[in-house]
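*Asks:* dropping a prediction and its sequence here:
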Amino acid sequence: MKTVFSPKHAGHAGNLELLAGEMLPAFEMPSRAEFIRGRIETVGLGPILAPEPFDLASAGKVHDAGYLNFLPTVWDRWAAEGRGGTALPFAWPTRGLRGDVPPQAVEALHGYYSFDGGAGFVAGTWEAIKSSHDTALTAAALVNGGERAVFALCRPPGHHAGSSFMGGYCYVNNAAVAAQWLRDQGAGRVSILDIDYHHGNGTQQIFYRRGDVQVLNLHADPMVEYPFFLGHADERGEGEGEGFNHNYPMPFGTAWERWSEALEDACARLAAFTPDVVVVSLGVDTFEKDPISKFRLVTEDFPKIGRRIAALGLPTLIVMEGGYAVEEIGVNAVGVLTGFEDA
Ligand SMILES: NCCCNCCCCCC(O)(O)C(F)(F)F
Ligand SMILES: [Zn+2]
């Protein structure tokens, strides 16, 4: 299996995040991608290719123009105000406030375009975001060109990014842009299967009123887990999208037996949609030892996931999302890929 990967992810480093009342080094750190790349080399999964540069035309069909235009300017505007550290929002247009007029102060504009305080910027963040976007589209082009499955080793991740909001370490929704790009290349229907521990609220929001892109999410119950404000089982899509969004919220402590039942149902719904291509949002924070998550999959479960997805028999783009047990992230993420290959 080919992998696409860009060293430019490393510029997104040193950023802090608000964790339980303290500003701490963000969990979404460069070593995550390096451990996965190292494991790919160790097991000899296949060649690791650099991304080609892509324009933002497909991104512009799933993200708002004002939002996309804001992302490259955040750090410079922050620094121009004499600030260092991590550029973070400080005010959000919540209920009862105006939500139509983008303010000018960068910490307020950042809030206007965020749903949480989890998408900070440092000097190299935009370059990392763009390289992650290019990684997903380069891998999508390989799938579109006939590869059965390609791994987009994306960092930063993307599935919490909606049409005009960032958050949860996500800025441009790599999987959503790749799905749109594949549609732009002629795919009639695309399914996105999001198996990260956290609900892909951004991906759901982007395609919620569309019937050409099916979105299936397996995740921790948003009543008790981040991102909290989307991801319930009754969210089935609206308008033309009615019936093309499926959420499988599961409780803390979920292990393979229950999790795999949800995967089975999701795969059945996916097969019934008869997509031309599948985009997998691969997070491995479902792992029992993940420091910020509360599912209980074990390392041996990850190849089983890959095998089940391969059994769909469809061209597959696998896009990296989350996973924070850094020591094991390579074994678990690449376990899905080798399981897919061995099917
Ligand atoms: N007490 C709740 C703290 C939640 N902290 C933020 C968690 C972000 C998860 C990000 C992710 O893993 O879903 C992604 F795939 F996007 F990287
Ligand atoms: Zn996650």
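*Replies:* Arrived safely. Please read all numbers here as calculations on a predicted model, not as lab measurements. Ligands and ions are numbered 1, 2, ... in the order given.
*Asks:* mind giving me the packing neighbours of the longest helix along the chain?
*Replies:* Identified as the longest helix of the chain according to DSSP state H is helix 125-144. Helix 125-144 sits against strand 2-4, helix 74-80, strand 149-152, helix 174-184, strand 277-282, strand 316-320, with contacts defined as 3 or more C-beta pairs under 8 Å, 6 or more residues apart in numbering; DSSP states H and E. Where C-beta positions appear, they are placed from N, C-alpha and C, glycine not excepted.
*Asks:* what residues sit buried inside that helix?
*Replies:* For helix 125-144, the neighbour count (16 or more other C-beta atoms under 10 Å) marks 125-144 as buried.
*Asks:* now swap in stretch 220-230 and tell me
*Replies:* Using 16+ other C-beta under 10 Å as the test for burial, stretch 220-230 gives 220-222, 225-227, 230.
*Asks:* and it, average pLDDT?
*Replies:* Average pLDDT, stretch 220-230: 98.
*Asks:* of all the buried residues of stretch 220-230, which comes closest to residue 185?
*Replies:* Of all the buried residues of stretch 220-230, residue 230 has the smallest distance to residue 185: 28.8 Å, by C-beta to C-beta.
*Asks:* considering only the buried residues of stretch 220-230, which also neighbour ligand 1?
*Replies:* Contacts with ligand 1 within the buried residues of stretch 220-230, as defined by C-beta under 6 Å from any ligand atom: residue 226.
*Asks:* of all the buried residues of stretch 220-230, which comes closest to ligand 1?
*Replies:* Among the buried residues of stretch 220-230, residue 226 lies closest to ligand 1 (C-beta to the nearest ligand atom), at 3.8 Å.
*Asks:* what about that closest one, distance to residue 164?
*Replies:* 20 Å (C-beta to C-beta, to the nearest Å).
*Asks:* before we move on, the earlier item: between the helices and strands packed on helix 125-144, which one is nearest to ligand 2?
*Replies:* Of all the helices and strands packed on helix 125-144, the one in closest proximity to ligand 2, counting by C-beta to the ion, is strand 277-282 (9.2 Å).
*Asks:* strand partners (parallel or antiparallel) of that closest one?
*Replies:* Counting by DSSP bridges, the strands paired with strand 277-282 are strand 190-194 (parallel), strand 316-320 (parallel).
*Asks:* now distance to ligand 1 and mean pLDDT too, for those, in JSON lines please.
*Replies:* Shown next, in JSON lines, are the strands paired with strand 277-282 (distance: least, C-beta to the nearest ligand atom, whole Å; pLDDT from 0 to 100):
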{"stretch": "strand 190-194", "distance to ligand 1": "9", "mean pLDDT": "99"}
{"stretch": "strand 316-320", "distance to ligand 1": "8", "mean pLDDT": "99"}
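*Asks:* would you turn these into JSON lines with mean neighbour count and distance to ligand 2?
*Replies:* Compiled in JSON lines, the strands paired with strand 277-282 are given as follows (neighbours: other C-beta atoms under 10 Å; distance: least, C-beta to the ion, whole Å):
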{"stretch": "strand 190-194", "mean neighbour count": "28", "distance to ligand 2": "9"}
{"stretch": "strand 316-320", "mean neighbour count": "29", "distance to ligand 2": "11"}
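*Asks:* out of those strands, which gets nearest to residue 45?
*Replies:* The closest of the strands paired with strand 277-282 to residue 45 is strand 316-320. By C-beta to C-beta, the value is 11.3 Å.
*Asks:* quick one: name the residues of the stretch 51-200 of the chain near ligand 1.
*Replies:* Counting by C-beta under 6 Å from any ligand atom, the stretch 51-200 of the chain comes close to ligand 1 at 118, 157, 159-160, 168-170, 196, 198.
*Asks:* farthest-separated two in those?
*Replies:* Those two in these that are separated most widely, counting by C-beta to C-beta, are 118 and 196, at 14.2 Å.
*Asks:* tell me the residue of the stretch 51-200 of the chain that sits nearest ligand 2?
*Replies:* Per C-beta to the ion, residue 198 is where the stretch 51-200 of the chain lies closest to ligand 2, at 3.6 Å.
*Asks:* around that residue, how many other residues sit close by?
*Replies:* 28 (other C-beta atoms under 10 Å).
*Asks:* again, but for residue 296
*Replies:* Residues near residue 296, counting by other C-beta under 10 Å, number 18.
*Asks:* isn't it right next to residue 250, touching?
*Replies:* No. Counting by C-beta atoms under 8 Å, residue 296 stays clear of residue 250, with 10.7 Å between them.
*Asks:* okay, helices next: where are they in the stretch 1-150 of the chain?
*Replies:* With DSSP state H, counting those that start in this stretch as the criterion, the stretch 1-150 of the chain has helices at 30-43, 59-62, 65-70, 74-80, 106-112, 125-144.
*Asks:* tabulate those (JSON lines), appending mean pLDDT and distance to ligand 2.
*Replies:* Below are the helices of the stretch 1-150 of the chain laid out as JSON lines (pLDDT from 0 to 100; distance: least, C-beta to the ion, whole Å):
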{"stretch": "helix 30-43", "mean pLDDT": "98", "distance to ligand 2": "11"}
{"stretch": "helix 59-62", "mean pLDDT": "98", "distance to ligand 2": "20"}
{"stretch": "helix 65-70", "mean pLDDT": "98", "distance to ligand 2": "21"}
{"stretch": "helix 74-80", "mean pLDDT": "97", "distance to ligand 2": "23"}
{"stretch": "helix 106-112", "mean pLDDT": "97", "distance to ligand 2": "22"}
{"stretch": "helix 125-144", "mean pLDDT": "98", "distance to ligand 2": "15"}
